[in-house]
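Starting from these lines, generate the structure:
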Amino acid sequence: MRINQFSKRIIRFRSISGFLLLLGLTLLIAGKYLAPAQAESRGSALVLTIKGAIGPAVSDYFLRGLARAEKSNARLVILQMDTPGGLDSSMRNMISHILLSSVPVVSYVAPAGSRAASAGTYILYASHVAAMAPTTNLGAATPIQIGGLPGSPKEPDSTEKEDDQEDKATPKDALERKMINDAVAYIKSLANRHGRNAEWAEQAVREAVSLTAEEALESGVIDLTASDLDELLQKIDGREVVMESGKLFLDTRDLAVVRLDPDWRTRLLMVITDPNIAYILMLLGIYGLIYELANPGFVLPGVAGAICLLLAMYTFHILPINYAGLALMALGITFMVAEAFVPSIGALGIGGVIAFVIGSIILMDDESMRISLPLISGTALFSAGFFLWLIGRLVTLHKKKVRTGVEEIIGSMGEAMEDFTGEGRIWIHGESWRAAAGGPVKKGQKVLVVSQNGLTLNVKTVQENVP
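Predicted structure coming up:
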């Protein structure tokens, strides 16, 4: 009886312990995942981080962060930037959402040593509050045309320097003037909306000038400087900003700072939308498929090549590529393959390498979205060598004499093992074969195989009987 009561107490104790353990784990998980959301609903500043070039992946990350801030009733979005610029389409998509956002957006160039060049300058001008950390800079907002060979202007001599200084802000052709004037009008409209220095904004576009954080504050380009997020929140408390719905006074006292770092999806998109990575993926895809076609049955090279090629095509779809460059690369590969079959004394091979290099250079050409020239040079040499070796190897194997099977034994020399007329035995390739001859054959006489009929070789004599 006492044993039964003791067992019941143990079971009860285990049940209570298990319940408390489960409750503790539940509270721990709730505290980890629900606390940030509750902090956002009470009043929070959502911090988004951009480090690197602005492209489709960054734009997607920012828009999802802005949507989360609006859904969770966050009071502020802080966009912490360190960027050399990026794509015009991605930048304009981000700016359009900033202008229509119901949550104030603070662009903050930080930490020390960071920059907001090119597209980053436009985003600063579009934000409701523009701030920078000490020892940072912004500017150089001149748009760069995508496509075409990169320019290589010569160094002016002493008689030309004065004229070049007067004309350095003058666009060289109609297309460049159109791009510059459109960018000037765009950034000036952003400056006028938030009362910032429109004159310097025009200089940043036309002359690619830059400013330090201190100079930007003195010139009225930004609203304030702050060493860290705490100082930033203190300085913008009570500031009046212009929203789409009207003016709004910021209340940033005691806001909970919630960081939303890029997730795996954003990091993956950032990797594959890098032009150099997309370029390498395309080459790996081509190599893999060619290897699979040359060696059917390996499977792995074909599967890996198809995946790499599809990823490259997806990247090219969302990046502003020059299709003339892509066509030149395909033409170059075709010429290099044809060199192994057509006796052109190297003309097709050299032409293929040249087309491949030019196509690679003009495939993507933007201020921060261009393919590295050393990478192009290395892959061009490797591609030329790879294709010439591979196709040359296949042609050599195709021309080589067959050494096995029926095709190999026909035309071979054998030796009679006995005297015979009609049919007898011969010794060939270390094997004894039945042979049929049109005349008498002496032992030790050399015979030539002219055909094969099943397991019988048809032969003819090629010399007299050996004494």
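
Strands of the stretch 51-200 of the chain, start to end?
In the stretch 51-200 of the chain, the segments counted as strands under DSSP state E, counting those that start in this stretch are 76-82, 105-109, 115-117, 129-132, 137-139.

quick one: contacts of stretch 92-100?
Contact with stretch 92-100 is made by 54, 58-59, 62-63, 66, 105, 122-123, 126-128, 190, 193, 244, as judged by CB atoms under 8 Å, 6 or more residues apart in numbering. Glycine gets a C-beta too; all of them are placed from N, C-alpha and C.

And that stretch, what's buried?
For stretch 92-100, the neighbour count (16 or more other CB atoms under 10 Å) marks Asn93, Met94, Ile95, His97, Ile98, Leu99 as buried.

how far out from the middle of the chain is that stretch?
The chain centre lies 25 Å from the centre of stretch 92-100; the measure is CA atoms, centre = their mean, to the nearest Å.

quick one: average pLDDT of that stretch?
Averaging pLDDT along stretch 92-100 yields 95.

a markdown table please, covering the strands of the stretch 51-200 of the chain and showing mean pLDDT and distance to Lys442.
Supplementary listing: the strands of the stretch 51-200 of the chain in a markdown table, determined by pLDDT from 0 to 100; distance: least, CB to CB, whole Å:
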| stretch | mean pLDDT | distance to Lys442 |
| --- | --- | --- |
| strand 76-82 | 96 | 94 |
| strand 105-109 | 97 | 100 |
| strand 115-117 | 94 | 94 |
| strand 129-132 | 97 | 104 |
| strand 137-139 | 95 | 99 |
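
about what we covered before: just give me the closest of the contacts of stretch 92-100 to Asp274.
Nearest to Asp274, judged by CB to CB, of the contacts of stretch 92-100 is Val58 at 11.7 Å.

what's the burial count for the closest one?
Using other CB atoms under 10 Å, Val58 has 27 other residues around it.

try Gly238
10.

Would you mind listing the buried residues in stretch 51-70?
Quick answer for stretch 51-70 (16+ other CB under 10 Å): 53-62, 64-66, 68-69.

Next: stretch 67-80.
Buried, per 16+ other CB under 10 Å, within stretch 67-80: Arg68, Ala69, Ser72, Ala74, Arg75, Leu76, Val77, Ile78, Leu79, Gln80.

Max pairwise distance over the residues you listed: which two?
Spanning the widest gap among those are Ser72 and Gln80, at 18.7 Å by CB to CB.

hmm, back to that, tell me the one of the buried residues of stretch 67-80 nearest Ile321?
So of those, ranked by how close each gets to Ile321 (CB to CB), first place is Leu79, at 27.8 Å.

correct me, but that closest one touches Ala126?
No. The criterion here is CB atoms under 8 Å, and Leu79 misses it with Ala126 at 10.3 Å.

For those two, list the residues in contact with both.
Ser107.

for the contacts of stretch 92-100, which one is nearest Asp419?
Using CB to CB, these come closest to Asp419 at Val58, 90.6 Å.

list the contacts for the closest one?
Val58 neighbours (CB under 8 Å, 6+ apart): Ile50, Gly52, Gly86, Ser90, Met94, Thr266, Met270.

now do Tyr186
Tyr122.

just Ala141 next, same as before
Contacts of Ala141 by CB under 8 Å, 6+ apart are Ala117, Ser118, Ala119, Thr121, Tyr122, Ala183, Ile187, Ala201, Ala204, Val205, Ala208.

Over to Gly238?
By CB under 8 Å, 6+ apart, the neighbours of Gly238 are Phe249, Leu250, Asp251.

Let me see the confidence value for the last one.
pLDDT, the model's per-residue confidence, is 92 for Asp251.

So it lies in a helix, does it not?
No. Asp251 sits outside any helix when classified using DSSP: H, G, I helix; E, B strand; the rest coil, being coil.
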